[in-house]
Structure formats: structure tokens, C-alpha cells
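S.K.: kindly generate the corresponding structure for this input.
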Amino acid sequence: MKRTVPIEQLRNIGIMAHIDAGKTTTTERILYYTGKSYKIGEVHDGEATMDWMEQEKERGITITSAATTCTWRDHVINIIDTPGHVDFTIEVERSLRVLDGAVGVFCAVGGVQPQSETVWRQAERYKVPRIAFVNKMDRVGADFFKVLTDIKNKLGARPVALQIPLGQEDKFEGVVDLIEMKAVTFDEGTRGADIQVGEIPAGYLDVALEYRDKLIQAVSDVDDLIMEAYLEGQDIDNGAIRLALKKGALALKLTPVLCGTAFKNKGVQPLLDAIVDFLPSPREVGAVSGKDVNGGDQTRLPNDDESLSALAFKVMNDPYVGTLTFIRVYSGVVNVGEAVYNGNTGKKERIGRLVRMFADKREELKQIFAGDIAAVLGLKNTVTGQSLCDPAKPIILESMDFPEPVISIAIEPKTKGDQERLGMALSRMSMEDPSFKVHNDKNTGDTLISGMGELHLEIIVDRIRREFGVEANVGRPQVAYTEAISREANEEVKYAKQTGGHGQFAHVLIRVEPLESGSGLEFLDKVVGGVIPREFISAVRKGVEEAMQMGPCAGYPVQDVRVTLYDGSYHEVDSSDLAFKIAGSMAMKGALRKAGPMMMEPVMDVEVVSPSEYLGDIINDLSSRRGKVLGMDTRSDVRVIAGQVPLAEMFGYATALRSLSQGRATFTMQVSHYEPVPTNISEHVKESRGGQLHG
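M.R.: This next block holds a predicted model:
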């Protein structure tokens, strides 16, 4: 089997944005115009192709990133439609890790909203070139030029308008193409499929010339020949402008911006053209780098004849076919039936079946090539972030960072018969979603499930009920507190135990110091002169890690500590891994108690959008929740309040906000940072935990 198209004609792109900016609606139009679907599915009807989960149809939001493939101008475009809700940020993270380009969709009324900033930063981290699509130009309060300013100021990007709108709000008809200097309108009778290209109306010519000049200035910064021609007042070839725009986008120096209204079928075909013209093929992205099993640097070029390198970026449980593992192939070819090597686990896996996904529908494939995204059936032990490669030439690609959960609930089966099935369902879910964690609370014996927010856990519990047929009772949401230390401390432990035969002996001296929030554990081995043999150092580290699982304040995990092992001694006969692990754990517990331990809580960035008449009540309510108002902004006819509030005070906020504003205000929130818990509150939490501990 040969490639259907050359790798240069392949585009792997994601559609990303704030919740409700119109990502899924835009993707539905793309599928319609590329002939992939024959009718347009609407999100509000629960008919969208890409929102195929029952939970998505009911809520009208995207929960899981859905993959699909379509064709435009002889190019194959693999599209991943990602969620906009902050609780599902992991879906965006893992999609961006394997994509070559992205389309940021912005609401023409809302502009750059909080989750748009988050996904933009995620794309920045993975160095993903982007184009922007300003959607909902037909809405009251739509302002294309304000969104351009927002992109520049809030995202630190350099937006370059390739179009300006022809009319706005209910008078929006189409766009002025600033490269071709033509007016483009879309026939409503043919659902936008019929496009008319004509002269620019007189009333728009001055603005079009002004923004055409800005466009040429922007591309002249990345292309010296255009710069020379511009300074000499020469005409510039449109083909050269397109090439320079692509060069600027790939270097992350420019962000081409288009506009339209996906819901009213206007502006989507030019967006498809821009995806083909300005976003890179796998060949243009270049070689992928990783490590071999000994930690040496390795690279693989995006060629079919290179040895295999692929990354598993998503695991999904399908009720009909079992586990689907989505992979992105960076080099080489994957064939059905062949054995591949998991570089992270060191085990071989067999490729059972290969399928190309169209949301929840599948097309069987015999092989997939460099640059492709597809799903594999039959992998038993591969999880998100692991590398699949050629057994003869292993490579481990860079994995992904997964956020720590911030909220937990207790869960128990309704009947004894459901016990085992609940355990199986939870382990499947945690394999599928790395931001979802399951653990047993040693204090209470409860099974706790932890995630990124109330909606995240609500969906998980709903899926357990529907997909696994398990009825479960859940407790009230609890904040996933952590613990940290406030000062340096030292501890010495000499562990000696004499039993029949060999005894146990280990002697360690450690120092603990606080680190910045988000640093995790840093373990330094500063032992000199072999006073503790090399083979026991990792046992000390294991003991330290174990002690960090239950902090001295209230038994929550300890974060952000530097631990230095700087001295100790051993016994030729009686020392062992176990003895040093126990000594490490005891020393760590003692050091943490001395180091000014404190409880930490997640603080959320909160944005409330409300009509101005409710402003006073909303601000008073935020203050009563230990919140700080950081600023206010006016967005068309509403006010936007930005603040920070501890997560513990935000449970049930949606209901409170509805009653404060007669249902007219909305809010979004996401984790900002961790802060020490005020003493009165930490005492209360400790008491409740202590009661459970001794109850």
C-alpha cells in the first residue's frame, strides 16, 4: 500500500479556544465544505458529529478531543477538535503535543477569554504555529479590530489581519481579502457553499488599504526582499506575501488572522485555504528528537524509510472494540500485525488493528505512514505519553506534563456486587485520563477520586454509570490540599534493628529546604567518600518519596521540597535497601515536622461576566469568599471582573451567581497557584481529618 498523498500535502491541526467560542461549530462546517459530512450538525441540537459522547450532546460542550480527517485542495487535513472547558485542559495539552499547527478560534464579542489564554500558552510551550479565526462576527457587539488588539495585548502575539469584515453584527456579509484586495461574500441560499468574489465597496476601501499596508509591513519584517520592495514603493507579488506569511507563522513571529461566522456559514472556506497555505506539513516541522535507552540524544526525520518513532497521546475505552490508543507517527511506517517496542516500559507490543477515526466512526487501515495520526487496537500496556519505536533502534520521545488534580470526592459502590466493577471502571478511567487520579485515604479508608474540577468528576461518575453499568454514591467535593515547608531543617536517623541472623542498619543525615510552587521534589545526593554506598541512595530516595505522601499537618501530600542527603554510614553485613528506605522515610518525617510545615490550597483565577447593575453584589460576594478583585473591564455592554478566590470557597458558586444576577452572569475559573491556608481554616480541616482519623 502506498501513501495516498505526499507528506508535504499533510496537515495535522487542532482547533482550540475558550468554551463557547465556536470550535465545534467551525469544525462541523469544515467537514461539510470538504465533503466529509452531508449535513451540518449543530451543537445546540446535540447533532454535532464531533461531539459524539452522550454527555457532550446533553451539555452542548466538548469533553473529549475528537479526531477526524478531511481533504481540501488535494491536501489531507487531520483535525483534532479540543475542549474549551478548563476541567478538560489535559485534552488540549495532549493534542497540542502531537499537532503541527493550530487554529485559535476567538469570539468576536468576548475577544481573548481566560481559557483562550491558557490554550495559547500551551501551544506556545510546544512551539505550535497558529492562525486565528475571529468567529461570531454576526453577533451583537462583534468587534474584529478589538479582538486584534486583545490578541496583541493579552497573548503577546503579533496578529496580522489577512481579512477585514464586510459589515458586522446582523449586517455581516463576508470579508475583504487583503492579499487579493477583493470582496468575498457567501450565498446564504447555498449555505455559504457558493462564494462571490468582487470589487471592494467604496466605503471599505480606505480601511482595506490601511490594513493591507500593515500586512505588508508585518511580512517585510520576516522577508528582506519584501522589505526592499516595500521601501522602494514597488508592487509586491501576492505569492511572495503568502510565502512570507507562512515563514513568519512557522517561526512563531506572526499570527495570520481571519474572520467569519461559522454558524451562518460565512468565512470557513478561506480558513481552510489558510490552513493549507500557512500551517506546516510534518516535513516542514522537521526532525523529532528523543533519547535512546542510555540517555543519549537521538533524532528521527519525518520519512517513511526511517526507523519507527511514534507517540501514544490518548487512550480511549470503546465499548465495542476495547482500548483504542491514538498515536502520532513521526518517522517510519506502522503495519498491522507487527511488533513494536515501547521505549518507556522496555516491552514489545503487537499492533492488532489500525483505524482512522472520524469522531466515533472508524475506517480500517493496513498501515500508517510518517506524519499520520491514527488509532491502534490491541495495545495492552501502553499509556498516554509513551513512545512506540523500532525494537532494533529504540527512541524515547519527550513525554507530556500533566496537571495535578485540585478537587476530590469520595466514591463507593451502591451494592457489594458493584465493588469489583467499580475498581475496574476507575482503573480504566485513570489509564484514559492522566489528570484523573484514584487513591485510598489512609485516614478514612474511603476511595477518593481526584480531578480538575466539579464538571470533570461529574462526567467521570456519569461515564462509570453508563459505560460500565456501575451505580455509585459520591460524597461532597473536597479541595485537594497539599502541604509545604517554610524553612530549612536537618534530621539525622540511625536505624538499627537486631533480629535473629542478620540485623538491619542504616544511618542517614538529610537537609530539607522549601522550593518555589510547582517545583515538586528535588533530591540531591551530596554524599562523599562512599559513606553510603551508591546502591543504597535510591532506597533513601524511595523512603523520602513515601514520607512525602502524608504530610505532618493533616496527612496531605507534601510538595515543592529540595532534599539533600549529605552524610551517613552503613554496616558491611547488616545494611540493606529496606533499612535505608526506612531510615530515609523516618528522617524525612522528622525533618518535615521541624521545617515549619503548612497547608497549601489551590487559588483560582476567576472571571465573571455580568451586566453592570449586578456588579456591586457580585464583588461583595467574591470578597466574602476570601477573594481579591484584580481588575475590571468593559466588554461591549457587559462588565468583566477578574479576581482570585480560593477553590474551597467556590463550591456551589454557579448557583449563587445565578441568584445574584437573575441568571444573567457567567463565570470561568482555572487554577492559578497555591497559597498557605489561613490558620483558622487549616485548624478546622485538621480537626475534621483528625476526627476521621480517630473515628
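
S.K.: can you tell me the SS state at Phe651?
M.R.: Secondary structure state of Phe651, per DSSP: H, G, I helix; E, B strand; the rest coil, is coil.

S.K.: show the low-confidence segments of the stretch 351-500 of the chain, by residue range.
M.R.: 359-361, 442-444, 499-500 (pLDDT under 70).

S.K.: try it again at 80.
M.R.: Scanning the stretch 351-500 of the chain for pLDDT under 80 picks out the ranges 357-362, 399-404, 406, 417, 431-435, 441-446, 452-456, 467, 498-500.

S.K.: in it, which spans are strands?
M.R.: 353-358, 361-365, 367-368, 373-377, 387-389, 396-397, 407-413, 437-440, 447-451, 472-474, 478-479, 482-485, 489-497 (DSSP state E, counting those that start in this stretch).

S.K.: now do the buried residues in the longest strand along the chain.
M.R.: Criterion DSSP state E: the longest strand present in the chain is strand 597-610. By neighbour count with 16 or more other Cβ atoms under 10 Å, strand 597-610 contains the buried residues 597-610. Just so you know, the C-beta spots here come from the backbone N, C-alpha and C atoms, and that holds for glycine as well.

S.K.: direction included, what does it pair up with?
M.R.: According to DSSP bridges, strand 597-610 forms sheet pairs with strand 482-485 (antiparallel), strand 638-646 (antiparallel), strand 666-676 (antiparallel).

S.K.: so after that strand, what's the next helix or strand?
M.R.: helix 615-624 (DSSP states H and E).

S.K.: for the protein, what helix or strand is lowest in average pLDDT?
M.R.: For the chain, the helix or strand with the lowest mean confidence is helix 54-59, at a mean of 46 (criterion: mean pLDDT, DSSP states H and E).

S.K.: and stretch 335-348, how far out from the chain's middle?
M.R.: When C-alpha coordinates are averaged (Cα atoms, centre = their mean, to the nearest Å), stretch 335-348 and its chain have centres 26 Å apart.

S.K.: next: stretch 113-127.
M.R.: 9 Å.

S.K.: could you list the buried residues of it?
M.R.: Residues of stretch 113-127 classed as buried: 113-120, 122-123 (neighbour count, 16+ other Cβ under 10 Å).

S.K.: before we move on, what about stretch 551-565?
M.R.: 551-556, 558-565.

S.K.: which one of the strands paired with strand 597-610 lies closest to Phe326?
M.R.: strand 666-676 (25.0 Å; Cβ to Cβ).

S.K.: contact partners of that closest one?
M.R.: For strand 666-676, contacts defined as Cβ atoms under 8 Å, 6 or more residues apart in numbering pick out 18-19, 86, 89, 113-115, 118, 403, 406, 452, 482, 484, 517-518, 559, 598-610, 644-647, 650, 653-654, 657.

S.K.: the helix or strand hosting Lys581 - contacts with which helices or strands?
M.R.: Take DSSP H and E as the rule and Lys581 turns out to sit in helix 577-594. In terms of contacts (3 or more Cβ pairs under 8 Å, 6 or more residues apart in numbering; DSSP states H and E), helix 577-594 is packed against strand 489-497, strand 504-514, helix 534-548, strand 561-569.

S.K.: what's the mean pLDDT across that helix?
M.R.: Averaged across helix 577-594, pLDDT comes to 94.

S.K.: just the angle for that helix relative to strand 561-569, thanks.
M.R.: 130 degrees (axes from the mean of the first three to the mean of the last three Cα atoms, to 10 degrees).
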